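S.K.: Need coordinates for the following:
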Amino acid sequence: MATKTTKEKKVKISKDGEAVSPMLKSDIYDVQGKKAGAIELPENIFGLAWNDALMHQVVTTMQANARPLIAHVKNRGEVRGGGRKPWQQKGTGRARHGSIRSPIWRGGGVTHGPRNDKVYAREIPKKMRAKALFIALSRKFRDGELLFVNSFGIETPKTAVAKKAMVMLSKVSGFNQLASKRKNAVLIGFADMSPASEKSFRNIGNVECASIRNINPVSVLHSKYMIIENPEASVAIIQNRASKKQ
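M.R.: Down below sits the predicted model:
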C-alpha cells in the first residue's frame with residue numbers, strides 16, 4: 001500500500017488507487033466490565049470535528065418533524081352559537097356588535113391562537129443527516145462517553161440481568177454514572193436487537209434501546225452515554241450509511 005503525501009496530511013492509497021480512511025482504536029468490554037478485545041474505528045465516522053451550524057440545523061429540523069400537533073383553538077366561525085345579532089345596531093346607547101362569538105366577547109373565538117393544521121415539518125438532505133450522526137458519534141467517542149460491548153448475552157427477558165450488566169459496566173473508567181444517573185443515562189445500539197434484550201432493558205427508566213440502523217443525532221445526544229453492542233457488525237452497518245452518503 002502506497003502513501004500519498006499532501007500539504008495537509010498523509011493519505012493512504014490502496015492498490016486500487018482509492019483513499020483509505022485512517023483508523024482509530026478502542027477497547028471492547030464484556031458484560032462484566034472487563035476488556036475483551038479491541039476494535040479499529042474509521043476516522044471519517046468517529047474522528048470528525050464538531051460543527052455547530054450543521055448540528056443545530058439537523059437537530060432542530062428533526063425536533064420540528066417530531067413535534068406533535070395538539071394545541072388547537074377555535075376561531076369565531078367555529079365557536080357554537082352567536083348567529084343572532086345581540087341587539088339592534090342603533091338606539092341602545094351601547095357599542096355595536098354583530099355576534100356574541102366575536103373574539104372580544106367572553107366565550108368567543110380566539111384570534112391568532114395555536115392551530116393543529118400548521119405544518120412544522122421540514123426536509124433534511126440525507127447527506128446532512130448522515131454527517132450530523134457521524135459528528136455526534138465522534139463527539140461521544142472524543143469525550144469518552146462511547147462504550148463498546150461484545151454481547152449482553154440475554155436469551156430470555158430478565159430485567160435483573162440487564163440491571164446487573166449496567167452496574168458492572170459502570171465500573172469502567174469514565175462510566176461511573178451509567179447505573180446511577182436517573183434520566184437519559186445511556187443509549188444502547190444493537191446490531192440485531194432481539195426481543196429478549198428489548199424487553200429486558202425497557203423497564204429501566206434511564207436506558208433507551210434502539211437498532212443501530214435507526215439511531216439519529218437527536219437520540220445519540222439525548223443520553224449522556226452510548227453503548228454499541230456487537231461493535232464489528234454495528235460499525236459495518238454505520239459504514240454502509242457512510243458509503244451511501246457519498
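S.K.: I'd like the distance from the helix ranked longest in the chain to the chain centre, please.
M.R.: Taking DSSP state H as the criterion, the chain has its longest helix at helix 126-142. Taking Cα atoms, centre = their mean, to the nearest Å, the mean C-alpha location of helix 126-142 is offset from the chain mean by 11 Å.
S.K.: Check which helices and strands it sits against.
M.R.: Counting contacts by 3 or more Cβ pairs under 8 Å, 6 or more residues apart in numbering; DSSP states H and E, helix 126-142 packs against helix 43-46, helix 52-65, helix 217-222, strand 225-229, helix 231-245. In this view, the C-beta of every residue, glycine as well, is placed from N, C-alpha and C.
S.K.: which residues touch the spatially closest residue to V220 that is not a sequence neighbour?
M.R.: Closest residue to V220 apart from its sequence neighbours, by Cβ to Cβ, 6 or more residues apart in numbering: A136 at 4.2 Å. Applying Cβ atoms under 8 Å, 6 or more residues apart in numbering to A136 gives the contacts 55, 217, 220-221.
S.K.: Where do the strands of the protein begin and end?
M.R.: Taking DSSP state E as the test, the strands found in the chain are 2-5, 10-13, 19-20, 23-29, 35-42, 146-149, 186-190, 207-211, 225-229.
S.K.: Quick check: phi and psi on the residue located most distally from the centre of the chain?
M.R.: Distance from the C-alpha centroid of the chain, by Cα atoms, centre = their mean, peaks at G91 (64.7 Å). G91 adopts backbone torsions of phi 100, psi -10, taken as degrees, to the nearest 10.
S.K.: Show the pLDDT at it.
M.R.: Listed pLDDT for G91 reads 93.
S.K.: again with G82
M.R.: At G82, the model reports a pLDDT of 84.
S.K.: same thing with V110?
M.R.: pLDDT, read off for V110, is 94.
S.K.: Got the phi and psi for it?
M.R.: Dihedral angles (degrees, to the nearest 10) for V110: phi -110, psi 130.
S.K.: Kindly report the same for the one 5 residues further on.
M.R.: The phi and psi torsions at R115 (degrees, to the nearest 10) take the values phi -130, psi 140.
S.K.: neighbours around the nearest residue to it once chain neighbours are set aside, how many?
M.R.: Setting aside the residues directly before and after it, R115 is nearest to H72 in space (Cβ to Cβ, 6+ apart), at 5.8 Å. Neighbours of H72 under the rule other Cβ atoms under 10 Å: 13.
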